[in-house]
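K.L.:
coords please:
(one chain, ligands or ions: 1)
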Amino acid sequence: MNRNFGDTIKALRAQHGLTQEQLAGRLNVSAPAVSKWERGESFPDVTLMPALAAELGVSTDKLFGIDQTSASIHYNKVYDSEDYYWGVEPSTMCYDVLRYLPPTRPLKLLDIGCGEGKDAVFFARCGYIVSAFDLSEAGIEKARSLAEKARVTVNTFTANLLHYRLTENYDILYSSGVFAYIKPDLRAEIMANYKSHVNDGGLAAFQTFVNKPFIPRAPEKTPIYAWKSGELFTYFHDWYIENCCEYVFDCNSSGVPHKHAANRMFARNIKEID
Ligand SMILES: C[S@@+](CC[C@H](N)C(=O)[O-])C[C@H]1O[C@@H](n2cnc3c(N)ncnc32)[C@H](O)[C@@H]1O
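P.N.:
Next up is the predicted model:
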C-alpha cells in the first residue's frame, strides 16, 4: 500500500484535467487499474513509470516524491543533529509581527521555509494558529519536536516553495531567510500567489537576502539568488507598507564568518482606508 504515491497520481491527473479513463487509455491499461493505483491498492508496473511520469508532466523522481534539490540535501545534513542549527530563540522579526498584528483574535499564520521551527513555535506560543513548511524533512522533524516540547500545536509539513502554491488564505504570511532560493523568473508568480492568499487587513512579513557590491558573496554550500535591493517591496507596491528596511548582519553559517545584506518588509493588505 502506498497512499502518498496514489495521492500524487490523483493530484497530477486532476491538474492535467484527465479522467481515470483518459489516463488509462493513454497508458494502455484499464481504468480500474488507475483507480487502484490512486487508492494505494497496487503499483503500476515499473516499465510504465517513464510513460506515466511523461503523461503527468513530471520527472519520475517527482512522481516518487523525491525532491533532492541541493538545498534539501544541504539542510537535511546540517539539521541532522541534536543541536538547533539556527538556535531556538525567535528572530527579532517575530516581535514586529506581534506589534503589527497581535493575536487578539484567532489569526492564521503560515511560516514559509520554517527551518527547525524556532519562529513557528514562538508564534504558536503567542496564540497564533500556525502552519509551517520547509523543504527539509530533518528541519520539519525538529520543528515538530520543538512544538511538542513547548506543548503547542504547529501544523507542519514538507513542501518545496518552488512548486507549492497556496490554496487557502492566511492572516499572516511569514518568511525569513528563504526567498533567496527563488530564482528571479519565478518570483512574480510566487509573490502573486502569496498576495492573493492574505486576508483583508492581513500581513506579509518577509525577509530576503539582497545583493550589495560591497558585501562579498557568502560561502553558502547551496546556490542562492540574492534579490536586488528593494525588489521585494516592489511586489507589494499596492499594499500598505508598515515598514521596510535594509540592514547588514554577521552570520556564521557553514562555520565561516561572513556578512549578509537583507531587506525586511511588513506589508498589509488594505483595500479601503476609513
Ligand atoms: C536560512 S534557513 C532559514 C530557516 C528559518 N526560516 C529560520 O529563520 O530559522 C533557509 C531555509 O529555507 C529552506 N528552503 C530552501 N529552499 C526551499 C524550498 N525550495 N522550499 C522550501 N524551503 C526551502 C531550507 O530548508 C532552510 O530551512
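K.L.:
can you list contacts of stretch 193-203?
P.N.:
Among residues not part of stretch 193-203, those counted as contacts by C-beta atoms under 8 Å, 6 or more residues apart in numbering are 97, 100-101, 108, 112, 165-173, 204, 235-236, 239, 242, 266-271. All C-beta atoms are positioned from the backbone trio N, CA, C, and that covers glycine.
K.L.:
again, but for stretch 84-103
P.N.:
When contacts are taken as C-beta under 8 Å, 6+ apart, the neighbours of stretch 84-103 outside the stretch itself are 78-79, 107, 109, 115-116, 118-119, 121-123, 126-128, 142, 146, 171-172, 174, 176, 202-203, 205, 207, 242-243, 253, 264, 266, 268.
K.L.:
what about the closest residue to the ligand within the chain, which SS state?
P.N.:
Here the chain gets closest to the ligand at one residue, residue 115, 2.7 Å apart by C-beta to the nearest ligand atom. Here residue 115 takes the coil state, with states given by DSSP: H, G, I helix; E, B strand; the rest coil.
K.L.:
tally up the residues packed near it, please.
P.N.:
Applying other C-beta atoms under 10 Å, we find 26 other residues in the vicinity of residue 115.
K.L.:
how about the nearest residue to it, chain neighbours excluded?
P.N.:
Residue nearest to residue 115 in three dimensions, not counting chain neighbours: residue 139, with 5.0 Å by C-beta to C-beta, 6 or more residues apart in numbering.
K.L.:
so the residue of the chain closest to the ligand touches residue 136, yeah?
P.N.:
Yes - in this structure residue 115 lies within contact range of residue 136 using C-beta atoms under 8 Å: 7.5 Å.
K.L.:
what's the overlap in contacts for those two?
P.N.:
The overlap between the contact sets of residue 115 and residue 136 (C-beta under 8 Å, 6+ apart) consists of 75, 79.
K.L.:
any chance you could map the strands in this protein?
P.N.:
Secondary structure of the chain (DSSP state E): strands located at 108-112, 129-134, 154-158, 170-176, 198-210, 240-251, 258-268.
K.L.:
tabulate these in JSON lines, adding columns for mean pLDDT, distance to the ligand and mean neighbour count.
P.N.:
Supplementary listing: the strands of the chain in JSON lines, determined by pLDDT from 0 to 100; distance: least, C-beta to the nearest ligand atom, whole Å; neighbours: other C-beta atoms under 10 Å:
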{"stretch": "strand 108-112", "mean pLDDT": "98", "distance to the ligand": "7", "mean neighbour count": "24"}
{"stretch": "strand 129-134", "mean pLDDT": "98", "distance to the ligand": "5", "mean neighbour count": "24"}
{"stretch": "strand 154-158", "mean pLDDT": "97", "distance to the ligand": "8", "mean neighbour count": "18"}
{"stretch": "strand 170-176", "mean pLDDT": "98", "distance to the ligand": "4", "mean neighbour count": "23"}
{"stretch": "strand 198-210", "mean pLDDT": "97", "distance to the ligand": "8", "mean neighbour count": "20"}
{"stretch": "strand 240-251", "mean pLDDT": "95", "distance to the ligand": "9", "mean neighbour count": "13"}
{"stretch": "strand 258-268", "mean pLDDT": "95", "distance to the ligand": "10", "mean neighbour count": "20"}
